[in-house]
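> No letters, just coordinates:
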């Protein structure tokens with residue numbers, strides 16, 4: 001990632017440019033729509049807002065339409081991207 005220097009009230013700070021995070025298996029990126037069915041058979045869909053890449057599987061964090069956040073592991077859950 002590129003680093004940029006920014007001066008705020010006389011203090012030099014470094015700011016990182018935000019780039020979309022992509023899962024290790026390149027199936028989804030931040031901003032994509034996804035849907036999945038939880039262990040309790042509840043169907044969820046929403047926008048990916050974060051991805052925490054792990055050694056075995058990735059944690060995908062999703063914001064639902066009502067503003068709640070849910071997450072699931074990409075290798076442990078049957079999920080799909082929604083084509084817009």
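Cool, the structure landed. As the structure is a computational prediction, the values presented were derived from the model and not from experiment. Numbering: from 1, shown residues only.

> Which strand residues bridge residue 72?
Beta bridges link residue 72 to residue 60 when assigned by DSSP bridges.

> Could I get the buried residue list for stretch 30-43?
30, 32, 34, 36 (16 or more other CB atoms under 10 Å). No exception for glycine: its C-beta is placed from N, CA and C like everyone else's.

> Likewise for stretch 40-58?
Neighbour count says stretch 40-58 has 44, 46, 48, 51, 57-58 buried, by 16+ other CB under 10 Å.

> Ends of that stretch, what's the gap?
21 Å (CA to CA, to the nearest Å).

> ok, what's across the strand from residue 47?
Under the criterion used (DSSP bridges), residue 47 bridges to residue 33, residue 63.

> who's in contact with it?
By CB atoms under 8 Å, 6 or more residues apart in numbering, the contact list for residue 47 reads 31-34, 62-63.

> Columns pLDDT and distance to residue 82 on top of the buried residues of stretch 40-58, output as TSV?
Listed next are the buried residues of stretch 40-58 as TSV, based on pLDDT from 0 to 100; distance: CB to CB, whole Å:
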residue	pLDDT	distance to residue 82
44	92	11
46	94	9
48	91	11
51	88	16
57	82	21
58	85	18
